[in-house]
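*Asks:* Structure for the following, please:
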Amino acid sequence: MPSALSEATLFIKTMYLVVASLFLVASLSVCFRHILKSRLFMI
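*Replies:* Numbering: from 1, shown residues only. Below you'll find the model as predicted:
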């Protein structure tokens, strides 16, 4: 039983890390697009 519980917690931690990294990448891409658009408008 403890091994199954540790596997479940490890899976939850991995999913949390994947979701957090995806959210970070999405926010960075949005900020990058905004900066590119502002620079294009400035030019």
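
*Asks:* what about the helices in this structure?
*Replies:* All helices of the chain, identified by DSSP state H, fall at 2-42.

*Asks:* any weak-confidence spans in it?
*Replies:* The model of the chain has pLDDT under 70 over residues 1-2, 43.

*Asks:* try it again with 90
*Replies:* For the chain, residues meeting the criterion pLDDT under 90 lie at 1-5, 36-43.

*Asks:* Any idea how many residues pack against Ser29?
*Replies:* Residues lying near Ser29 (other Cβ atoms under 10 Å) number 10. (C-beta placed from N, C-alpha, C; glycine too.)

*Asks:* cool, and Ser38?
*Replies:* Using other Cβ under 10 Å, Ser38 has 10 other residues around it.

*Asks:* One more: Ser6?
*Replies:* Per other Cβ under 10 Å, the neighbour tally for Ser6 reads 10.

*Asks:* ok, it - contacts?
*Replies:* Contacts for Ser6 (Cβ atoms under 8 Å, 6 or more residues apart in numbering) come out as none.

*Asks:* Distance of it relative to Arg39?
*Replies:* Separation of Ser6 from Arg39 (Cβ to Cβ, to the nearest Å) stands at 49 Å.
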